[in-house]
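Asker: no sequence on this one, just coordinates:
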Ligand code: CA
């Protein structure tokens, strides 16, 4: 047992190879209390910091968050008391300290560092000082009545991933200038596209689209944006965490006053909740912005991070350092930090960046802890298999079976199968008529035949903030890297629809990058973390140009919500799926039964995906007890819960690059599935608003067959595609994605 003195540091470990030993020793005196940080009351505030290797810790109080502000003044400096039993330094300051800024001066190995409290709940500008906060004063009006937005199962979630700046940066969004790029943009209801009042934007748009959750790129305090430059052109995704328990200041209207960003972040969450949309926070506990001067390292050097045996930082994150979730106090930090966001900010789910760098035990402990608030709070992450120096069992896909059934992983296999290799421009997937069907089939089954234990554990997607947007990938792979990313192309729109249909009919949790449903482009920039605001922002005029595509996604979302088997949390539906065996090799088709709901829902559904870019396919329906008549609810033009055609007999013609979804007529007629008026109106508006393709571009000349089937008449894009493949092939070597170059 080590005894730690306040005057001598018994862990005066200099040799690099001893970091692991030091961690073992420190883990033995991990603090078990839940009162680290500044615990505020109106009468006094108690500060506690765990720093067993320090020889002294001083509390500094300031009037402001930085020295460059009016009234800046150091108010006091106090020596803190050390408890040798638990490694905690503490002091109580009398009086009402709400709004007072503070730091700790920690001396280790005779070196003094002034650091922010890692448990700080408020900070000043650029997160350089903590702030004592009376959290009651940060609550917006009616916050007490704010409710979580939760679904019964993870598979019920349809997630739209967005960056706070991207959401409202564009002037055409119609959102008021002082809110654009900020938390408060989400609070402005009723906005419309500048120049077309029929088209909703912002939160009004989201309500009509029908997604259940937004996943918001990091909005804890990060380091890459200078908060003092209010109108800065600087942009960053924010995967560079500085203060984990505080919202980012550059999204607030006043980054200097530590209270404002908290209130405004809560207003954003409240507005989304009022719209019936849950909020998923993108959390980045796997690395810190910097290592040497991270607040963890300045408090207890070389403990919170993971090191290689030679003393260099473990770098599975590619960001220069990995944190060490297997160390007791970092595990505790993660659990408490997540709990704090869930409880104080009413966060409905957490997306873990590079979850594969955290150990299984920590992730399960976070799950158990969140369950004490609500078991429906979502947890999922990037379960990549990363090289990091620990013996712990890591939370990657290979170990998904050791994780809770309610901790999901992104299904990169499905992603790549649908649209082609994620890391190169020209590779084609299923929707471009290339690739293999196996990956898509596995994805439809939510990888339950490989690494996933149930559909609850698989996040099904084809685009996220990383890599090419879906539409850019389609442009690059079909036309080439010629810069025509933001142009409407009918063939690519069809592929975009097919990709959306594949994802939104698959088992698992549905996920998309914001704007996938409106052909969002970043001009082919596959790693736009530090690119311009203009490049990254959602271009709301796309809702006009690609209105049919947005309407299609809206219909697919309706469809997914209307038919329980799409959202089955168990393997029941997967096990009952009947994949057709006698289809063309460009076609994937299956039928499924509804074993989850009664006659108020449809019974049998057949999904047929034709990836052939040249011709329609006649598909013979397979299976026992087939219905004689089928209702079409999705085809190459439309998707939704309303009938758009009828098929008799057992052969159906599916147009090139499209899906066809059929419902047996008997159950369709009996079921009480209806489209609500608002969604119908929204889809109608979008479809009417699309920029009509010119005659030259119009390649959808079709011959109607059996009400719904269509036969196409050739593809004028073929020469262009061939040219694009050649150009793309040359360019691909320049575009191998540097996966981990992004975050700093
Ligand atoms: Ca910041």
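Answerer: That came in fine, so what should we check first? Just so you know, these numbers come straight off a predicted model, no measurement behind them.
Asker: where does the protein dip in pLDDT?
Answerer: For the chain, the stretches with pLDDT under 70 are 1-17, 483, 691-744.
Asker: interface residues of it facing the ion?
Answerer: Taking C-beta under 5 Å from the ion as the contact definition, the chain meets the ion at 221, 248-249. The C-beta positions use only the backbone N, C-alpha and C, and glycine is treated the same way.
Asker: for those residues, give me CSV that also has secondary structure and neighbour count.
Answerer: Below are the residues of the chain next to the ion laid out as CSV (DSSP: H, G, I helix; E, B strand; the rest coil; neighbours: other C-beta atoms under 10 Å):
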residue, secondary structure, neighbour count
221, strand, 28
248, coil, 26
249, coil, 26
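Asker: nearest to residue 64, of those?
Answerer: residue 249 (13.9 Å; C-beta to C-beta).
Asker: tell me the contacts of the closest one?
Answerer: 123, 125-127, 221, 227, 255, 261 (C-beta atoms under 8 Å, 6 or more residues apart in numbering).
Asker: how far away is the nearest residue to residue 115 once chain neighbours are set aside from the ion?
Answerer: In space, and not counting its chain neighbours, residue 115 is closest to residue 298: 3.7 Å by C-beta to C-beta, 6 or more residues apart in numbering. From residue 298 across to the ion, the span is 17 Å (C-beta to the ion, to the nearest Å).
Asker: which residues are in contact with the helix or strand residue 298 falls within?
Answerer: Taking DSSP states H and E as the definition, residue 298 sits inside helix 295-299. Outside helix 295-299, the residues that touch it by C-beta under 8 Å, 6+ apart are 49-51, 54, 104, 106, 113-118, 242-243, 288, 291, 303-305, 323, 330.
Asker: also stretch 29-43?
Answerer: Stretch 29-43 is contacted by residues 2, 4, 45-50, 52, 85-88, 94-98, 102, 117, 119-121, 130, 132-135, 328-329, 332, 336 when judged by C-beta under 8 Å, 6+ apart.
Asker: pull up the distance across stretch 445-460, start to finish.
Answerer: 10 Å (C-alpha to C-alpha, to the nearest Å).
Asker: make that stretch 104-116, sorry
Answerer: End to end - C-alpha to C-alpha - stretch 104-116 spans 6 Å.
Asker: for that stretch, which outside residues touch it?
Answerer: By C-beta under 8 Å, 6+ apart, the list of residues contacting stretch 104-116 reads 9, 12, 14, 47, 49, 51, 53-60, 77, 80, 89, 103, 117, 123, 127-130, 243, 293, 295, 298-301.
Asker: mind checking which of the residues you listed are buried?
Answerer: 9, 47, 49, 51, 53-60, 80, 89, 103, 117, 123, 127-130, 243, 295, 298-301 (16 or more other C-beta atoms under 10 Å).
Asker: among these, which ones are in helices?
Answerer: 295, 298-299 (DSSP state H).
Asker: next one: phi and psi at residue 282?
Answerer: Main-chain torsions, residue 282, degrees, to the nearest 10: phi -80, psi 110.
Asker: can you give me the strands for the stretch 351-500 of the chain?
Answerer: Using DSSP state E, counting those that start in this stretch, the strands of the stretch 351-500 of the chain run over 378-381, 408-410, 458-460.
Asker: scratch that, the stretch 601-744 of the chain
Answerer: 604-610, 617-620, 629-634, 645-648, 651-654, 658-664, 702-705, 709-712.
Asker: just the stretch 1-150 of the chain next, same as before
Answerer: For the stretch 1-150 of the chain, the strands defined by DSSP E, counting those that start in this stretch cover 37-40, 44-50, 56-62, 74-79, 81-83, 88-94, 101-108, 111-115, 130-131.
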